[in-house]
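1. Structure for the following, please:
(one chain, ligands or ions: 2)
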Amino acid sequence: SAAAQAADHPHRPITVAHRGASAYAPENTLAAVDAADDLGVAWVENDVQRTKDGELVIMHDTTLNRTTDVEQLFPDRAPWKVADFTLAEIKRLDAGSWFGARFAGERVPTLEEYLDKVSANHQNLLMELKAPELYPGIESQTLQVLREEGWLNRHHVKHRLIIQSFSAPSVRTVHHLRPDVKTGFLGTPAVADLPEYAAFTDQINPSYRTINAAYVAAVKELDGAHGKPLEVFTWTVNDGPNAVSVARMGVTGIISNNPDVVRDAVAGA
Ligand code: G3P
Ligand code: CA
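-> Ligands and ions are numbered 1, 2, ... in the order given. Presented below is the predicted three-dimensional model:
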């Protein structure tokens with residue numbers, strides 16, 4: 001019966017487009033945000049870093065050469081670190097051609113541009129502070145941009161924004177600077193250590209390769225920084241069978257390069 005099915009699947013996970021719908025468009029570009037929107041996916045994940053002149057940009061690697069044509073434009077600037085280039089230099093890069101000719105001319109977005117796109121699409125944002133140890137003060141700077149862009153009002157903070165990082169100190173800093181903002185820790189802490197994480201985070205977000213049903217249950221048993229059960233957003237699940245598997249473990253969210261595949265698999269399970 002429908003009721004029995006609902007009982008089997010009381011909490012169908014949220015699907016999050018990893019670096020945007022990055023199976024379909026170049027990761028961490030505005031095109032990847034739109035690709036997620038075209039699929040009807042409401043949540044996008046991104047990675048925030050800082051340029052040499054202090055601007056926040058969206059980029060996964062701490063170097064620019066995998067996802068742009070930086071080696072052609074700046075052959076003498078190896079290893080092409082994000083932190084060694086100004087925003088004006090980064091804006092000259094093509095961040096789309098490596099993925100496909102139809103994305104030629106796609107640019108590395110600033111955080112402001114990215115937020116504007118997500119807002120225009122009425123989507124929600126799982127924002128990662130990537131390698132924050134390289135960028136002292138990036139937590140307060142990011143919060144300042146979010147505030148200026150209207151992303152720290154009560155509605156956004158409650159429903160539309162999560163800030164996550166692999167750096168526990170960084171997540172803790174975000175929580176202390178803006179205790180109302182929802183946070184996530186990327187990793188798989190030992191169960192015994194979960195209570196100390198729960199003091200400053202609302203989510204424990206592990207690789208799907210590191211979890212089982214017992215671990216997910218142990219996380220969700222604890223209350224997070226906002227007094228609600230800790231959530232689990234797992235990554236990066238790109239196929240139906242693994243999506244069904246982690247959904248049955250009880251995860252709250254699934255982060256995927258092809259979120260349509262994951263959503264359809266979970267809906268049909
Ligand atoms: O959102 C989780 C996932 O993005 C973490 O890994 O390397 O893709 O940033 P990575
Ligand atoms: Ca990420």
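
2. What is the neighbour count of the residue of the stretch 1-150 of the chain found nearest ligand 2?
-> Closest to ligand 2 within the stretch 1-150 of the chain is Glu128: 4.1 Å, counting by CB to the ion. Glycine gets a C-beta too; all of them are placed from N, C-alpha and C. Using other CB atoms under 10 Å, Glu128 is surrounded by 23 other residues.

3. Look up phi and psi at it.
-> Main-chain torsions, Glu128, degrees, to the nearest 10: phi -100, psi 130.

4. show me what contacts it?
-> Glu128 makes contact with Glu45, Asn46, Asp47, Val48, Ile163, Gln164, Ser165, Leu186, according to CB atoms under 8 Å, 6 or more residues apart in numbering.

5. ok, the fifth one - contacts?
-> What it means is Ile163. So Ile163 contacts Met127, Glu128, Leu129, Thr142, Val171, Val174, Val181, Lys182, Thr183, Gly184 (CB under 8 Å, 6+ apart).

6. can we see that at 6 Å?
-> Going by CB atoms under 6 Å, 6 or more residues apart in numbering, Ile163 touches Met127, Val174, Val181, Thr183.

7. Leu129 touches Ser165, doesn't it?
-> Yes: taking CB atoms under 6 Å as the definition, Leu129 is a contact partner of Ser165 at 4.3 Å.

8. And these two? Which one has more around it.
-> Under the criterion of other CB under 10 Å, the comparison of Leu129 against Ser165 puts Ser165 first, with 29 against 25.

9. how close does that one sit to ligand 2?
-> Plainly put, Ser165 is 9 Å away from ligand 2 if you go by CB to the ion, to the nearest Å.

10. One more: Thr183?
-> Look at Thr183 and ligand 2: by CB to the ion, they are 14 Å apart.

11. what about that residue, which SS state?
-> Classification of Thr183 using DSSP: H, G, I helix; E, B strand; the rest coil returns strand.

12. who's in contact with it?
-> Per CB under 6 Å, 6+ apart, neighbours of Thr183: Ile163, Val171, Val174, His175, Thr201, Asp202.

13. So which of these sit within helices?
-> Among those, DSSP state H puts Val171, Val174, His175 in helices.

14. These also near ligand 2: which ones?
-> Applying CB under 5 Å from the ion, the subset of those adjacent to ligand 2 is empty.

15. Show the buried residues in those.
-> Buried members of the ones in helices among the contacts of Thr183, scored by 16 or more other CB atoms under 10 Å, are Val171, Val174, His175.

16. residue ranges of the helices in the chain, please?
-> Under the criterion DSSP H, the chain contains helices at 2-8, 30-38, 70-73, 87-91, 111-120, 138-148, 154-155, 168-177, 194-198, 213-221, 240-249, 259-268.
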